[in-house]
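Visitor: Turn this into a model:
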Amino acid sequence: MKKIGFIPARGGSKGVPRKNLRIMAGQPMFTYSLLAGLQSSLDSVVVSSDDSEILETASTWTARFAPSFAHKLSLHVRPPAISGDRSTIDEAVAHFAAERLAADELLVLLPPTSPLRTSAHVEGACSAFEQGNMRALVSVSEPMEHPGDMAAIEDGVFHFILERGEATARQEYAKCCFINGALYLMRLADYLKEKTFFLPSTKMYVMDQLSSIDVDTEADFIIAESLLMCRGKNHARIS
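Guide: Below is the predicted model of the structure:
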């Protein structure tokens, strides 16, 4: 079964303007996800976008910095109708999946907002999926903050999101996980039928916290960039 990486990188963004093209530790943010896919055992990596600059950058960046993997790259034009601020990744995935003829392929969704996810994570998730005879796999991590410490304010009134009961010490909280947005795996045929990765049988692929930063805000961007610089991966040439 062929494994297809899919990177939905639209041009717009409200939280961090043009974040997919914004330079993070020396290279456009979305290219970290591109490199993770290209360096893995995925048979091909598809960059899908409504933005011609992103598609052109994917091609030129790969040719310059990862030429030995250039044959694995494909570009996909995402229609404007599913590229707005209210559009979802599910819409982009469904549109792409409907165009594929080989429905037995394994779809590996690589959102570009997870620049610290590496090819090793991609390999680990694919191996877990294939060896576990799974229908769907989603990456998770331990949350930075437990929901037991979170509250909502409604009409000026403070409410804990979860019932605290008698467990007020952090060590006594129930174990939970954060859907970190880095990896989603499912066969194309199953996705076309279900239109979601979240099934009763969906399994978890656990990642470490520092590799699970999901860039939605300026603070996320600064944290991710700092971690990447600590890794010393910026400006590395792959050949």
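
Visitor: What segments of the protein are helices?
Guide: 30-39, 52-65, 89-99, 119-131, 188-194, 218-231 (DSSP state H).

Visitor: out of these, deepest packed?
Guide: When these are scored by mean count of other CB atoms under 10 Å, the highest mean neighbour count falls to helix 30-39 (a mean of 25). Glycine gets a C-beta too; all of them are placed from N, C-alpha and C.

Visitor: Can you list the buried residues in the worst-scoring helix or strand of the chain on mean pLDDT?
Guide: None of the helices or strands of the chain scores lower by mean pLDDT, DSSP states H and E than strand 157-160, at a mean of 82. Neighbour-count burial for strand 157-160, counted by 16 or more other CB atoms under 10 Å, picks out no residue.

Visitor: ok so, going back, could you dump the helices of the chain into TSV with mean pLDDT added?
Guide: Rendered in TSV, the data for the helices of the chain read as follows (pLDDT from 0 to 100):
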stretch	mean pLDDT
helix 30-39	98
helix 52-65	97
helix 89-99	88
helix 119-131	97
helix 188-194	91
helix 218-231	95
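
Visitor: could I get the ones you listed as a markdown table with distance to Glu163?
Guide: A markdown table is the format used below for the helices of the chain (distance: least, CB to CB, whole Å):
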| stretch | distance to Glu163 |
| --- | --- |
| helix 30-39 | 38 |
| helix 52-65 | 44 |
| helix 89-99 | 31 |
| helix 119-131 | 33 |
| helix 188-194 | 32 |
| helix 218-231 | 29 |
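
Visitor: between these, which one is nearest to Leu75?
Guide: Comparing these against Leu75 with CB to CB, the closest turns out to be helix 52-65 (4.8 Å).

Visitor: Against Asp43, how distant is Val3?
Guide: One thing to correct before we go on: residue 3 is Lys, not Val. 5 Å (CB to CB, to the nearest Å).

Visitor: Identify the contacts common to the two.
Guide: Counting by CB atoms under 8 Å, 6 or more residues apart in numbering, Lys3 and Asp43 have no common neighbour.

Visitor: Isn't His76 up against Ser48?
Guide: Yes: with contact defined as CB atoms under 8 Å, His76 reaches Ser48; the gap is 4.0 Å.

Visitor: okay, these two: which has more neighbours?
Guide: Each of His76 and Ser48 has its neighbours counted (other CB atoms under 10 Å); Ser48 has more, 24 against 16.

Visitor: Just the pLDDT for that one.
Guide: Looking at Ser48, its pLDDT is 95.

Visitor: So what sits opposite it in the bridge?
Guide: Pro8, His76 (DSSP bridges).

Visitor: Surely it touches Gly11?
Guide: No: Ser48 lies out of contact with Gly11 (CB under 8 Å); the separation is 11.5 Å.

Visitor: got any residues that touch both of the two?
Guide: With CB under 8 Å, 6+ apart, Ser48 and Gly11 have no common neighbours.

Visitor: count of residues packed around the closest residue to Ile161 other than its chain neighbours?
Guide: Distances taken as CB to CB, 6 or more residues apart in numbering place Met150 nearest to Ile161, at 4.7 Å, with adjacent residues excluded. Residues near Met150, counting by other CB under 10 Å, number 11.

Visitor: Tell me which residues touch Met150, please.
Guide: 160-162.

Visitor: Extract the CA atoms of the least confident helix or strand of the chain and return them as CSV.
Guide: Output of strand 157-160 as CSV, limited to C-alpha atoms (Å, rounded to 0.1, in the frame of the first residue of the first chain):
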residue,chain,number,x,y,z
VAL,A,157,-18.9,33.9,36.9
PHE,A,158,-15.8,31.7,37.2
HIS,A,159,-16.4,28.0,36.4
PHE,A,160,-13.9,25.1,36.3
